[in-house]
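In: Take this sequence and fold it.
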Amino acid sequence: MRSFVSFCRRSFLVVFLGIALTFTWSFTAVAQEAGNSRELERIEIEAPERRPAARPAPPTPSTADFDQDSVSDLRSFGDRDRASEIFAGTGIPSSVRSLATDKSQVSLGAASLPAQVQTINSQDIQQLNIWGREPADLFTKIAGMNTYYYNQGTLGLGVGMRGFTNANNIGFWVDGVPQNQPCQAGQGRVLIQWLPPEAIERIEIIKGPFSALYGDFAMAGVVNIVTKKSERAPSVSSYGGSFGQFRALGVLSSDTLSLTPYLVQEFYTIDGYRDNSELRQGSTFDKVSFPALGGVFSLRYNYFQSDWDGASYVPIDLIKSGLWNRRRPINPTDGGNVKMSSLVANYAPSCGERGLYASLYLAKYRGVRYDQRWPLSSSQKLRIEETLYGGGRLYYNLVFRDFASLTVGAETRQANGDQQQYATVNRTITSLTYDYSLSMANWGFFLQGQIKPHEKVKIVGGVRWDCFIQNFENITQPQNSGEGRPYVRSPKIGFVMTPTENFNFFGNIGCGFRSPSNTEVSPYRANADKDFGIDPAVVRTYDIGCNATLFGNLYVAADYYQTYMEREIATINNEPVNIGNSIRKGYELECRYYPSDYLDIFGNYAWVDAKVIDPINPGQFLVRYVPEHLIKAGVSAKSDFGPYGRIIADLYYEYYSGAPVYKNSTSTIPLYAPDYDVYNLKLTYSGRGWSSFLSARCQPREHSSSYFTVNNGLLTCDPPPKWELVSGLSYSFW
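Out: Numbering: from 1, shown residues only. This next block holds a predicted model:
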């Protein structure tokens, strides 16, 4: 790998040259229930732009603005006034400001945890290059998160964090509903393609397993997504771009109605860069919120459907030598489809954090995929998966003035599903590989408490007890059928010290876990025996870190962690394999600078060392697919255009060092994927209800890709285009 220092120097020079190429009384109210001695009022929590061209009058608050996931926006009135004095006239946005000011507060909000937390709000999302098919784009600026693209239709979400290689090891929740799928191949796979980015109010990223409110699969951390309750007015959007991209979106909403609607309809299609890589998908996101029983109810229905063709992965050496056209697919009959639907109900107090929170959901998934891997042969696979799952969560939050809180709750998830895999030739079935009928239940109970024994010290502790009931009917190997009842306890404890205002030092020790998969306890291969005594795989992690806001316009954060994991699972030749116990050591550095209300600059760096302690395959000590270095940097420049218009230019950059893989089970010398980097540029103009944008993505390395895998001992990838261009137009009826 080329000199890391010289590469960093060139990369940051390119990013900050973008600054020269681009043209050089609203404040989020915050409140927390502080005891019976003080009457609380409803407040508006929508974050305004930092410097609107024409300052609007504050809108009338709506009870629909609060639900069980809105607690991170609530603080005490005393803290609100103090923060107003400190940050008056600065350019630090509230979403970044709260990462420092909230850490010492007693609150259910993610930012108050003694862990590294990052947030993405709706304004941040508007400035990203998000083109419909890859929700991983949401995390392209987040420190320590590597994003990659399978480019094979609607597959699992491609994100990794803290040395874990995919979303299967990150707990994903949307409005209190878990998104990790336990009854699918690739235990814990996440699909959020059904969620339009325009429907997201904010995303909270919690680094590490440090919240007792989240259970199964929350090992590398948690991604909690909160959807919007309303917009001020209906809107329509459309865009088109390279390789036949087209997207249409309609939003019907109003924040003036007691029964507050938020209805989003989306359609997306792309022909694709490579042959046989078309994708067509559509979704409906329908949510209503209304006050009732002293709180706020919300009901949501979603339906998503996608159909695609797949070009699969080809050896990079063949492309380099010219023996394989980079656009040529492996098998022109590869592809698949997905159908997903869900019904979700939420209840939360209408104001403050004290009170009862509840969620209830029912969802259905069906996926079909035809997939052939290298070498050229007739070894195509068909995988069919169907899952029906439901569950709920109920908890009560006790608040003791502003110095302590206790959250007590329970949750359950019930899932039934079927998995089949067949050998096929051009979509014609030739034999059955495996066939499962699955029934899985998870019962969890959790406690989480916070106390401030001193105004500059806070202690946070929590614990979960989770029990699983797994009934696997192995139809192809009936002798491996059976029932298991694994159990796990996962404690967490940490502290926050605030020696001076807006500077926090924190530490934490916590445990996370994932439930055993059906292929672990009930193998489908004839020479493997069942083992229903397997316990959930556990991670034990500790963190030490700090964050601060300095000089009124600078945010800095640093974090060091170590993680020990039992039974590391890696995908090898398209199958999940236990590679042994592992350990990760790493750190993250982050800086965001706001020299004015019209200019934002950010940069972050993450390093991780991921090793297998006792590899199942002797000598294979590196954890596969984990890049050692991640660099991200960028700049955003704004300019008011007359009394009503605004132009925003965003340029940002990502770099991942080449991740290691092994060519087979006996090789001890790793193969390294090529280094990968990508540049993103987006220009946006908005004014008088209209908004338009022009965006570009450049992946400059001809023989690299964000995702590599090994097939038949060769390093393979889906080669991406060098350039992608997209433009769009939106109109809001307000």
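In: C-alpha only now, for contacts and for neighbours.
Out: Fine.
In: which stretches of the stretch 201-350 of the chain form helices?
Out: 316-321 (DSSP state H, counting those that start in this stretch).
In: With the chain instead?
Out: Ranges of helices in the chain, per DSSP state H, are 4-21, 77-87, 94-101, 122-126, 316-321, 518-521.
In: Which strand in this structure has the most residues?
Out: Counting residues, the longest strand in the chain under DSSP state E turns out to be strand 428-454.
In: average pLDDT across it?
Out: In this model, strand 428-454 carries a mean pLDDT of 95.
In: Next: stretch 310-318.
Out: Averaging pLDDT along stretch 310-318 gives 94.
In: Centre of the chain to it, how far?
Out: Distance of stretch 310-318 from the chain centroid (C-alpha atoms, centre = their mean, to the nearest Å) equals 27 Å.
In: how about the CA coordinates for stretch 195-204, as PDB?
Out: Taking Å, rounded to 0.1, in the frame of the first residue of the first chain, the C-alpha atoms of stretch 195-204 are listed here in PDB:
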ATOM      1  CA  LEU A 195     -37.600   4.200   3.900                       C
ATOM      2  CA  PRO A 196     -37.400   7.400   1.800                       C
ATOM      3  CA  PRO A 197     -34.600   9.700   3.000                       C
ATOM      4  CA  GLU A 198     -37.100  12.600   2.900                       C
ATOM      5  CA  ALA A 199     -39.100  10.900   5.600                       C
ATOM      6  CA  ILE A 200     -36.300  10.900   8.200                       C
ATOM      7  CA  GLU A 201     -36.200  13.500  10.900                       C
ATOM      8  CA  ARG A 202     -32.900  12.400  12.400                       C
ATOM      9  CA  ILE A 203     -30.500   9.500  12.800                       C
ATOM     10  CA  GLU A 204     -28.700   8.800  16.100                       C
END
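In: residues of that stretch that come out buried?
Out: Across stretch 195-204, burial judged by 16 or more other C-alpha atoms under 10 Å covers 195-197, 199-204.
In: As CSV, those with pLDDT would be great.
Out: Output for these, formatted as CSV (pLDDT from 0 to 100):
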residue, pLDDT
Leu195, 94
Pro196, 94
Pro197, 93
Ala199, 95
Ile200, 95
Glu201, 94
Arg202, 93
Ile203, 95
Glu204, 95
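In: From those residues, pick the one nearest Val338.
Out: Closest to Val338 out of the buried residues of stretch 195-204 is Leu195 (14.0 Å), distances taken as C-alpha to C-alpha.
In: show me the contacts for the closest one.
Out: Residues near Leu195 by C-alpha atoms under 8 Å, 6 or more residues apart in numbering: 283, 285.
In: gap between it and Phe506?
Out: Leu195 sits 34 Å away from Phe506, going by C-alpha to C-alpha, to the nearest Å.
In: One more: Ser377?
Out: Applying C-alpha to C-alpha to Ser377 and Phe506 gives a distance of 55 Å.
In: do the same with Ser636
Out: Taking C-alpha to C-alpha as the measure, Ser636 falls 30 Å from Phe506.
In: show me what contacts Asn581?
Out: 564-568, 612-615.
In: Would you write a ChimeraX line that selects the buried entries of the residues you listed?
Out: In ChimeraX, this line selects whichever of those come out buried by 16+ other C-alpha under 10 Å:
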select :564,565,566,567,568,612,613,615
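In: I'd like to know which of the contacts of Asn581 is nearest to Thr269.
Out: Nearest to Thr269 among the contacts of Asn581, with distances taken as C-alpha to C-alpha, is Glu568, at 36.6 Å.
In: mind listing what that closest one touches?
Out: Counted by C-alpha under 8 Å, 6+ apart, Glu568 has contacts 578-582.
In: if we go to 6 Å?
Out: 578-581 (C-alpha atoms under 6 Å, 6 or more residues apart in numbering).
In: Neighbour-wise, give me the winner out of these.
Out: The most crowded member of those, judged by other C-alpha atoms under 10 Å, is Ile579 (24 neighbours).
In: how near is that one to Leu622?
Out: Relative to Leu622, and taking C-alpha to C-alpha, Ile579 is found at 10 Å.
In: returning to what we had before: between Ser377 and Phe506, tell me which one has more neighbours.
Out: Per other C-alpha under 10 Å, whichever of Ser377 and Phe506 has more neighbours is Phe506, with 24 against 11.
In: Just grab the bridge partners of the closest residue to the more buried one other than its chain neighbours for me.
Out: Once flanking residues are discounted, Phe506 sits nearest to Val496: 4.4 Å by C-alpha to C-alpha, 6 or more residues apart in numbering. Counting by DSSP bridges, Val496 forms beta bridges with Lys458, Phe506.
In: How about Tyr434?
Out: Gln421.
In: I'd like to know how many residues surround it.
Out: 18.
In: Surely it and Gln421 touch.
Out: Yes. Between Tyr434 and Gln421 there is a contact under C-alpha atoms under 6 Å: 5.4 Å.
In: Could you give the number of residues near the closest residue to Arg592 other than its chain neighbours?
Out: Nearest residue to Arg592, sequence neighbours excluded (C-alpha to C-alpha, 6+ apart): Phe602, at 4.3 Å. Here the number of neighbours of Phe602 (other C-alpha under 10 Å) works out to 19.
In: just Tyr598 next, same as before
Out: Tyr598 - counted by other C-alpha under 10 Å - has 17 other residues nearby.
In: contacting residues for it?
Out: Taking C-alpha under 6 Å, 6+ apart, we find Tyr598 in contact with 637-638.
In: So that it lines up with my notes, have the first residue be 712 from now on.
Out: Okay, using 712 as the starting number, the last item reads as Tyr1309.
In: Model confidence for it, exactly?
Out: At Tyr1309, pLDDT is 90.
In: likewise Glu755?
Out: For Glu755, pLDDT reads 36.
In: Leu1093: what's it in contact with?
Out: By C-alpha under 6 Å, 6+ apart, the neighbours of Leu1093 are 1080-1081, 1132-1133.
In: Tell me the spacing between it and Phe1404.
Out: 40 Å.
In: With Phe1352 instead?
Out: For Phe1352 relative to Phe1404 (C-alpha to C-alpha), the value is 15 Å.
In: So which of the two has more stuff around it?
Out: Taking other C-alpha under 10 Å, Phe1352 and Phe1404 do not tie; Phe1404 has more neighbours (19 against 13).
In: in the stretch 1112-1261 of the chain, which spans are strands?
Out: Ranges of strands in the stretch 1112-1261 of the chain, per DSSP state E, counting those that start in this stretch, are 1115-1136, 1139-1165, 1168-1185, 1193-1195, 1198-1211, 1214-1225, 1248-1261.
In: between the fifth one and strand 1168-1185, how many degrees?
Out: Spelled out, that is strand 1198-1211. Here strand 1198-1211 runs at an angle of 160 degrees relative to strand 1168-1185 (axes from the mean of the first three to the mean of the last three C-alpha atoms, to 10 degrees).
In: Buried residues in strand 1198-1211, which are they?
Out: Buried residues in strand 1198-1211 (16+ other C-alpha under 10 Å): 1198-1209.
In: Just the CA trace of that strand, in CSV.
Out: What follows is strand 1198-1211, C-alpha atoms only, in CSV (Å, rounded to 0.1, in the frame of the first residue of the first chain):
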residue,chain,number,x,y,z
TYR,A,1198,-30.2,-16.8,27.4
VAL,A,1199,-27.9,-13.8,27.8
ARG,A,1200,-27.4,-11.0,30.3
SER,A,1201,-25.7,-7.8,29.1
PRO,A,1202,-24.7,-5.2,31.7
LYS,A,1203,-23.4,-1.6,30.9
ILE,A,1204,-21.9,1.0,33.1
GLY,A,1205,-20.2,4.4,32.4
PHE,A,1206,-19.5,7.9,33.6
VAL,A,1207,-19.4,11.4,32.3
MET,A,1208,-17.2,14.1,33.8
THR,A,1209,-17.7,17.8,32.8
PRO,A,1210,-14.8,19.7,34.3
THR,A,1211,-15.6,22.8,32.4
